[in-house]
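Asks: fold the stuff below for me.
(chains A and B)
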Amino acid sequence: MRFWRPIDLTSASRPVLLLHEVIILVQDGIGLYEGRYKVDLYQSGRVYLTTHRVCYVDNKFAATRSVSIDLSLVTRIQFSPSLLRSSAKIALFLVPQAHLSSSNAVTTPQITSPSPVSAVGNSTAAALDQNISLSWVCPICSFANAIKVSELDNNPPPCMTCGVRPAAAVLATAKIEYLDKQSRSIPPVQQAGVVEIDTGFPCPRCTFINHPSLRQCEICGAELVSQNLPPRLLEQSALKDDAGYSPSPTPKLADEEITYVKLSFRAGGEKVFLNKLKTIIQGRQWDSASIPSSTNKHHHRHHEQHFPRLGIHGLANMSAKERHQTTELMGSLTDLNSLMNKAQEMVALAESFAVRLASAPGVSIEAREALLQSSEALSLSSPIVMREVAGSQDELFYNELARQLAEFLDNGVLVREGGILTLFDLYALYNRARGISLISPKDFYKACSKFEALKLPFRMRKFQSGVIVIQEAYYKEDTVKGMVIDYIKQLCTEQGKQVGITPQQVNQHFGWSVMVAQEELENAENSGQLCRDSSMEGTRFYLNFIVSAHTSDGIHG
Amino acid sequence: MSTEGQPFPFPSIYSFPPFFTRQPNSQTWTSQLSLWSSLILGYCRYNRIWRIDLNTAIEWDLFSNKEINRSLKLDTCREILDSMVKKGNAEWVSGSGRDAADKNLSAIIFWRRPEEWANMIADWIDSTGQRNAILTFYEISDGDLSFSQDFRGIDATILRKALDILVRRGQAQIMRSADGEVAGVKFFGVQ
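Replies: Predicted coordinates:
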């Protein structure tokens, strides 16, 4: 990969955003192309379109296969709609020098990697590196496709443009051509052993000795075959005559200068993406690093005037008044926008204070905590996920929301709550952090139920009473029970007798809310590990001495 | 028999507060029931109690532990006795036509099963040479000869059950007076 650079991800596998960068759109089911060829291993992921970049995050291996490309490098966009079985693609043409300056560009074993072929004479098909890509020309649409050697023999993929599977003969030609090219590219020292190549190829049909660089006989047009080909390849090249067609010339792979990358939209959504992309590129937000907050300065009171409400004059007055109201409404909306911008500035300010305070000695802990909480209360660490980001795809929206929730929980919210939080507490906290454009409980619930599917480090648990909590993924039911029981045992040994605990004690000790504590205790009771003592003072939970006394028949002892 | 003055030695579970709360977990509850059942039987045997009337018994130290300030609720108590009745360790004394709430308030506790009592009486008849004699119920339960017996002061209902078993075995016969009332019992001895 020459243009794509690796990026940092948050714990919830979302790209870490730059200053003033905002996620505009997310699209799932994207494959990457460089030039005309698929980029290996980068074929199934989400693409985040931000104000500054296009970020690709792989769905399976997010940690290692996440790359981005700066929109500032993009010179031109080209859209190609889906054709037959090939998906719609958006090509981003890039500044030619872009890859020269990129010292840290991702390198993958690719088209240009040299093969261990030492000479044409003794190279066999088996000696070919299985990862080398060959190119074959589709006989139907004459598109040059890339294919791996390992895929040649079993079930080759269809043409990328028209979706028709290639005949075996076409692939055989591709292989021969590749070997041919290798023979020409090997250094002269090694070529000394195979001098007869220079003498040219005799045509298998009319025996005319052709120039070695030719692929077809100058006289009769028959395909030329290298004399030193291994027998297996010769057999395959013989098949070619039966096919009855001659493929069009193949473009050379390595020589080609790649000037663009492509995004293939396998799951649709290309139209929306294209529109947003165009808007962003026109806006060139990366140039204007901070958007000046444009408060509505022209806002002034409109003096009510009383005009007669009759006749044409009255009607004209009415419509003028309506127009005025509309513009005023628009004005107040702009005000709201600028308020949001201000809020973001406030958050940045609070965060910078927090950083400064954390490093400064002699600041009281209370002050730090207060500041930390206020910055949390002000906003989330990353821009809020809006429904528009995911376009019309609900699933994607919930996934993104779940990821942001995970980031939010990871920020210390869950730790402060002792690792377990009821769903509605989290809902309140999260919506308070969002501040604006609150989400509905339904969306929230759907997002939370995605935690496990997205392999985020949190999970949702439903108690028997129907209370739903969010907890750290490693808090299995048995783990929690074990924690509670260990706590009671500890109290028992401290006081030297059977001790019962109340949900309030659990709340104080573990930091869980009383409700969660109650649920956890009842859970342990249901599994027979605890028993209850209800009295006027309330309910206390004891280790289940009843069952143990019964089994050991302690009553007669 | 009973060691006067010395109170019943309660087991350790008796001072465990949850023991006095009806446990919602069914498995724990089963264990609790059986613990209570053995506690009640042991307590009744120790104090030679034949029947438990829940109206008064709920105040006994059996059902309320003053030290830990816990006592069994009436409903729970009834539930425990109910389970004992099902197991054959007790029997409800049917209320004399009173309303349903008062029903099942009094129970006979079989801290020995009627068969055991029957055997015991038969052995006693044998050992005291009272075969073919006719005894009144009172003579069995409170007579001079039964003074040191375990069934001393036996509840009339339990005694009747035990004698019925002996009658069925052919070892005794209930004698009735002219007006049909049970007057006494004649023992035949083992053939």
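Asks: now the strands for chain B?
Replies: B:51-53, B:64-65, B:70-71, B:90-92, B:106-109, B:134-135, B:172-176, B:182-187 (DSSP state E).
Asks: and those strands: which comes nearest A:N544?
Replies: Smallest distance to A:N544 across the strands of chain B (Cβ to Cβ): 16.8 Å, for strand B:70-71. (C-beta placed from N, C-alpha, C; glycine too.)
Asks: helices or strands next to the closest one in the packing?
Replies: In terms of contacts (3 or more Cβ pairs under 8 Å, 6 or more residues apart in numbering or on different chains; DSSP states H and E), strand B:70-71 is packed against strand B:64-65.
Asks: is any residue of the strand it packs on near chain A?
Replies: No: using Cβ under 8 Å from any Cβ of the partner chain, strand B:64-65 stays clear of chain A, with a minimum separation of 11.5 Å.
Asks: partner strands of that strand, with direction?
Replies: strand B:70-71 (antiparallel) (DSSP bridges).
Asks: what comes into contact with the strand it pairs with?
Replies: Under the contact criterion Cβ atoms under 8 Å, 6 or more residues apart in numbering or on different chains, strand B:70-71 has outside partners A:533, A:535, B:17, B:19-21, B:58, B:63-65.
Asks: so how far is it off the chain centroid?
Replies: Averaging C-alpha positions (Cα atoms, centre = their mean, to the nearest Å) puts strand B:70-71 24 Å from its chain's average.
Asks: can you give the domain ranges for the chain?
Replies: Just going to use chain A. A:5-107+A:256-283, A:125-243, A:326-376, A:380-472, A:477-556 (automatic domain parsing).
Asks: you answered for a different chain; I wanted chain B.
Replies: With domains defined by automatic domain parsing, chain B comprises B:12-109, B:114-187.
Asks: returning to that earlier point: so can I have TSV of the domains of chain A showing mean pLDDT and mean neighbour count?
Replies: Output for the domains of chain A, formatted as TSV (pLDDT from 0 to 100; neighbours: other Cβ atoms under 10 Å in any protein chain shown):
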stretch	mean pLDDT	mean neighbour count
domain A:5-107+A:256-283	78	18
domain A:125-243	67	16
domain A:326-376	69	13
domain A:380-472	79	18
domain A:477-556	82	18
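Asks: can you list the ones you listed in JSON lines and add distance to chain B?
Replies: Rendered in JSON lines, the data for the domains of chain A read as follows (distance: least, Cβ to the nearest Cβ, whole Å):
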{"stretch": "domain A:5-107+A:256-283", "distance to chain B": "39"}
{"stretch": "domain A:125-243", "distance to chain B": "58"}
{"stretch": "domain A:326-376", "distance to chain B": "40"}
{"stretch": "domain A:380-472", "distance to chain B": "11"}
{"stretch": "domain A:477-556", "distance to chain B": "4"}
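Asks: so for B:I140, which of the ones you listed sits nearest?
Replies: Nearest to B:I140, of all the domains of chain A, is domain A:477-556, at 30.9 Å by Cβ to Cβ.
Asks: can you tell me the element A:N145 falls in?
Replies: If you go by DSSP states H and E, A:N145 is part of strand A:144-148.
Asks: follow-up on the earlier one: most neighbours among the contacts of strand B:70-71, which one?
Replies: Sorting the contacts of strand B:70-71 by how many neighbours each has (other Cβ atoms under 10 Å in any protein chain shown) puts B:F19 first, at 25 neighbours.
Asks: hang on, it packs against B:S31?
Replies: No: at 10.3 Å, B:F19 does not count as touching B:S31 under the criterion of Cβ atoms under 8 Å.
Asks: common neighbours of these two, please.
Replies: Contacts common to B:F19 and B:S31, judged by Cβ under 8 Å, 6+ apart, are A:I546.
Asks: residues in contact with the nearest residue to A:H509 once chain neighbours are set aside?
Replies: Distances taken as Cβ to Cβ, 6 or more residues apart in numbering or on different chains put A:Y487 closest to A:H509, at 6.0 Å, once the chain neighbours are dropped. Listed by Cβ under 8 Å, 6+ apart, the contact set of A:Y487 reads A:501, A:506, A:509-510.
Asks: just the mean pLDDT for the lengthiest helix in chain B, thanks.
Replies: Using DSSP state H, we find that the single longest helix of chain B is helix B:26-47. Averaged across helix B:26-47, the pLDDT comes to 87.
Asks: which residue packs closest to the most centrally placed residue in chain B, ignoring adjacent ones?
Replies: Residue closest to the average C-alpha location in chain B (Cα atoms, centre = their mean): B:I109, at 2.8 Å. Of all residues not flanking B:I109 in the chain, B:C44 sits nearest, at 4.6 Å (Cβ to Cβ, 6+ apart).
Asks: can you pull the contacts of the one you found?
Replies: Listed by Cβ under 8 Å, 6+ apart, the contact set of B:C44 reads B:50, B:52, B:109, B:111.
Asks: quick check: B:R78 touching B:D53?
Replies: No: in this structure, B:R78 is not within contact of B:D53 by Cβ under 8 Å, at 12.0 Å.
Asks: which residue packs closest to A:D70, ignoring adjacent ones?
Replies: A:R53 (5.6 Å).
Asks: that neighbour touches A:V67, doesn't it?
Replies: No: the pair A:R53 / A:V67 is not scored as a contact, 9.9 Å apart, by Cβ under 8 Å.
Asks: show me the common contact partners of these two, please.
Replies: What both A:R53 and A:V67 touch, as defined by Cβ under 8 Å, 6+ apart, is the set A:I7.
Asks: worst average pLDDT in the domains of chain B?
Replies: The bottom spot among the domains of chain B, by mean pLDDT, belongs to domain B:114-187, with a mean of 78.
Asks: now the end-to-end length of that domain.
Replies: 17 Å (Cα to Cα, to the nearest Å).
Asks: for that domain, what is the distance to the chain centroid?
Replies: Its chain's C-alpha centre and that of domain B:114-187 lie 17 Å apart, by Cα atoms, centre = their mean.
Asks: report the secondary structure state of the closest residue in space to A:L25 that isn't next to it in sequence.
Replies: Nearest residue to A:L25, sequence neighbours excluded (Cβ to Cβ, 6+ apart): A:L49, at 4.3 Å. Put simply, A:L49 is strand when judged by DSSP: H, G, I helix; E, B strand; the rest coil.
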